[in-house]
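Undergrad: here is a sequence together with a model predicted from it:
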Amino acid sequence: MDLNNKLFCLKNLRSKVFLIVTLMIEVCFTVEGQINFESDKNRPLRLGIVGLVHDHVHGVFQNFQNPDVEIVGIAEPDTALVARYIKQYHIDKRIIYNSTEELIAKAKPEAVSVFTSISDHIKVVQICAPYGIHVMVEKPLAINYEQAKEMKDLAEKWSIEIITNYETTWYPVTKEAYIKTNQDKLIGEIRKVVVHDGHKGPIEIGCSKDFTNWLTDPEFNGGGAIIDFGCYGTDLISYMMNGERPVSVTAVTQQIKPELYPKVDDEATIIITYPKAQGIIQASWNWPFNRKDMEIYGKTGYIITTDNVHMKIKTSEKSPEQLITIESDKAIAVNPFSFFASVVRCKTKLAPNDPSSLSLNLIAMEILDAAIGSSKERKTIYLKH
């Protein structure tokens with residue numbers, strides 16, 4: 001090989017080495033940009049809060065002494081709303097950002113918890129997924145089934161977790177009812193599940209104007225009580241039925257208080273049929289008091305959850321009814337944010353039929369979407385199999 005060829009090869013080799021080093025630096029920067037620090041799974045999860053218009057966000061600031069999570073930023077464009085939260089909870093102004101994009105660029109969260117309107121869930125996932133940022137949304141998963149499927153596609157494409165936060169998921173009775181029904185087989189094969197959910201109404205119980213403005217607008221919430229509390233039932237019944245897709249869904253909605261809720265329903269009943277069982281959801285903004293309870297009837301007995309820690313069990317016609325108190329450590333998790341951190345850190349692997357999992361919530365959203373369609377079209381909707 002002559003001298004010129006040797007010099008050319010040397011330059012080419014140096015160029016290749018430089019290119020490899022440059023690419024390595026870029027890859028490291030990209031991983032850093034996505035906050036994908038796999039090397040230390042025991043440090044607190046860098047969590048961003050997206051939105052302050054959902055009143056459930058108060059739970060973040062009221063009880064947030066959590067070593068598993070570090071709040072690194074809050075995205076909310078409403079300056080007046082931000083000012084109220086800063087004053088109420090003494091939040092550091094330096095972690096407030098105008099948008100999800102700015103939150104990601106400056107605070108670099110690993111995950112976000114979303115407290116926007118339901119219609120904005122899809123937008124947050126569209127922004128976060130390409131950065132590898134995991135997402136936890138308040139119930140339900142999405143405003144409709146089509147958006148839920150898009151969220152699933154984004155989660156799979158970018159390898160992120162998307163979980164749905166339901167209050168009832170963290171009830172000790174929820175997991176215990178599942179175990180006693182599906183694992184211990186105490187009441188025989190399920191024949192009927194009845195879920196009661198709701199309260200007097202969001203205005204009546206004093207929800208903020210920032211919350212009720214979108215909660216009572218179908219463009220942002222998808223419906224009224226049928227969405228707000230019907231989603232609990234679709235999630236719980238799907239959980240108890242081990243993620244089985246139903247045959248059909250029938251729903252009836254009413255406006256009992258049109259003067260308060262002129263755009264959406266405030267009363268809903270959903271009937272879900274399976275080949276050998278039936279689910280009934282009574283979702284209402286007209287209960288005389290708060291309700292989140294469930295009745296599970298099997299071939300031989302029943303389990304009735306009366307609140308978050310108490311249940312009644314009757315295993316046969318002749319056996320006495322038992323009232324049982326379930327300890328808090330029997331719940332799927334005590335704290336949703338610690339659970340979220342554990343999922344992101346791969347310390348907890350979500351089962352396909354876990355009540356917060358994406359797979360189960362796709363089924364729950366399919367049922368909920370069919371229920372809304374049924375109530376509008378005044379007919380039973382049969383799911384395709």
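TA: Looks like it came in fine.

Undergrad: ranges for the helices of the stretch 151-300 of the chain?
TA: All helices of the stretch 151-300 of the chain, identified by DSSP state H, counting those that start in this stretch, fall at 172-178, 209-215, 218-221, 225-228, 230-240.

Undergrad: where does pLDDT dip in this structure?
TA: 1-40 (pLDDT under 70).

Undergrad: what's the domain layout of it?
TA: 45-167, 172-333+352-382 (automatic domain parsing).

Undergrad: quick one: the residue minimising distance to the centre of the chain from Gly48, how far?
TA: By C-alpha atoms, centre = their mean, the mean C-alpha position of the chain lies nearest to Thr164, the distance being 1.2 Å. Using C-beta to C-beta, to the nearest Å, Thr164 is found at 18 Å from Gly48. In short, each C-beta sits where N, CA and C put it, glycine included.

Undergrad: returning to what we had before: need the domains of the chain in JSON lines (columns: distance to Val343).
TA: Formatted as JSON lines, those follow (distance: least, C-beta to C-beta, whole Å):
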{"stretch": "domain 45-167", "distance to Val343": "5"}
{"stretch": "domain 172-333+352-382", "distance to Val343": "8"}
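
Undergrad: looking at the ones you listed, spot the one closest to Phe340.
TA: Shortest distance between Phe340 and those, using C-beta to C-beta, is found for domain 45-167: 4.9 Å.

Undergrad: now the terminal residues of the closest one, how far apart.
TA: Chord length of domain 45-167, first to last residue, is 21 Å (C-alpha to C-alpha, to the nearest Å).

Undergrad: can you check stretch 132-145 too?
TA: Using C-alpha to C-alpha, the two ends of stretch 132-145 sit 23 Å apart.

Undergrad: what's the neighbour count on Glu321?
TA: 11 (other C-beta atoms under 10 Å).

Undergrad: and it, what is it in contact with?
TA: 312-314 (C-beta atoms under 8 Å, 6 or more residues apart in numbering).

Undergrad: if we can go back for a sec, who's in contact with the residue nearest to the centre of the chain?
TA: Contacts of Thr164 by C-beta under 8 Å, 6+ apart are 136-141, 235, 356, 358, 361.

Undergrad: which residues in the stretch 1-150 of the chain form helices?
TA: 3-33, 58-62, 79-89, 100-107, 121-128, 145-158.

Undergrad: so what touches stretch 50-61?
TA: With C-beta under 8 Å, 6+ apart as the criterion, stretch 50-61 contacts 49, 71, 74-76, 78, 81-82, 85, 88-89, 91, 100, 103, 112-117, 120, 124, 138, 165, 207-208, 210-211, 213-214, 337.

Undergrad: just the buried ones from these, in PyMOL syntax?
TA: Remark: buried members of the contacts of stretch 50-61, expressed as a PyMOL selection using 16 or more other C-beta atoms under 10 Å:
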select buried, resi 49+71+74+75+76+81+82+85+91+100+103+112+113+114+115+116+117+120+124+138+165+207+208+210+211+214+337
